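In: Would you be able to build a 3D model of this:
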Amino acid sequence: MTTKTVDSKGRITLGRDFANQTVVVDDSNPNQLVIRKMVLIPAEEAWLYQNPTAMQSLREGLQQAAGRQFSHAPPDVDADADDAE
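Out: Residues are numbered from 1 along each chain as shown. Modelled structure (predicted):
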């Protein structure tokens, strides 16, 4: 725990651990502030984190790419378009 002094404009410095970080300040309790570092996800990408199957597939693909395990056959765009319809 650290003691800080709020300046005349109501500001407080958090220190280097919080530099260039996004934080959420929970001020729902008038006697307590909770400051948490956060990583924000764009709304259009949130579905991935809510879909365990898609997330697992992404992780496997990233592992394969890191291990240079690439497909030897190009994608079949026409078949994929048919599947999409």
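In: The helix of greatest length in the chain - contacts with which helices or strands?
Out: Scanning the chain for the longest helix, with DSSP state H as the assignment, gives helix 52-66. Judged by 3 or more Cβ pairs under 8 Å, 6 or more residues apart in numbering; DSSP states H and E, helix 52-66 is in contact with helix 46-50. The C-beta positions use only the backbone N, C-alpha and C, and glycine is treated the same way.
In: What segments of this structure are strands?
Out: For the chain, applying DSSP state E gives strands covering 22-29, 32-38.
In: Quick check: mean pLDDT of the longest one?
Out: Across strand 22-29, pLDDT averages out at 95.
In: Direction included, what does it pair against?
Out: Sheet pairing of strand 22-29 (DSSP bridges) gives strand 32-38 (antiparallel).
In: got the buried residues for the partner strand?
Out: Buried residues in strand 32-38, counted by 16 or more other Cβ atoms under 10 Å: none are found.
In: Alpha carbons of it, as CSV, please.
Out: Provided in CSV are the C-alpha atoms of strand 32-38 (Å, rounded to 0.1, in the frame of the first residue of the first chain):
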residue,chain,number,x,y,z
GLN,A,32,-12.7,3.8,-1.8
LEU,A,33,-11.3,3.9,-5.3
VAL,A,34,-10.2,0.7,-7.1
ILE,A,35,-7.9,1.3,-10.0
ARG,A,36,-7.4,-1.7,-12.4
LYS,A,37,-5.2,-2.0,-15.5
MET,A,38,-7.4,-3.0,-18.5
